[in-house]
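turn this into a structure:
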Amino acid sequence: MDYRCMNPKTGTPLFSDSGCHNVQSHKHCFPIKVCFAKDTKQLYRDEFRDFFTFLKAYELEKGGRIKFAYPQDMSSIWKTTGRGGTAKVKSFPCYCCTVTSDTTT
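Presented below is the predicted three-dimensional model:
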């Protein structure tokens, strides 16, 4: 726990007021990569591929003992997976299943 992260008013660890004082634990890590650029497919290929590859490899190395969440908006998910978008335009309009634009209902 980083004791420098204190609430300046109460002197208690940050987040302790909300009952989440363990957020400062060494068990919680937040890997982050930030790029200030236009949100494009090329940006994800050039700048973020190595980051996502590293996180996935680390999960596999730890044998399921660690999991990373990828909090992204839908547009970035579409760009990183190459799936999603308009059904009449994209072969895979859904990024989370195997539905194709050729699938009939």
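
pLDDT weak spots in the protein?
1-5, 13-29, 104-105 (pLDDT under 70).

may I have the phi/psi pair for the residue nearest the centre of it?
Nearest residue to the geometric centre of the chain (C-alpha atoms, centre = their mean): Y70, 1.7 Å. Main-chain torsions, Y70, degrees, to the nearest 10: phi -120, psi 80.

next up, the contacts around it.
By C-beta atoms under 8 Å, 6 or more residues apart in numbering, the contact set of Y70 is F52, L55. Heads up, the C-betas are built off the backbone N, CA and C, glycines and all.

identify the residues contacting the lengthiest helix in the chain?
The residue-count maximum for a helix in the chain (DSSP state H) belongs to helix 49-61. Identification of contacts with helix 49-61 by C-beta under 8 Å, 6+ apart yields P31, K33, I66, K67, F68, Y70, T80.

around the residue nearest to T40 when sequence neighbours are not counted, count how many other residues there are.
Spatially, and ignoring its direct neighbours in sequence, T40 is nearest to K79 (7.2 Å; C-beta to C-beta, 6 or more residues apart in numbering). K79 has 21 neighbours, counted by other C-beta atoms under 10 Å.

same deal with T80?
Other residues close to T80 by other C-beta under 10 Å number 19.

in what helix or strand does it lie?
Following DSSP states H and E, the helix or strand that holds T80 is helix 74-81.

farthest pair within the contacts of helix 49-61?
I66 and T80 (20.4 Å; C-beta to C-beta).

list the buried ones in stretch 36-45?
Going by neighbour count (16 or more other C-beta atoms under 10 Å), the buried part of stretch 36-45 is Y44.
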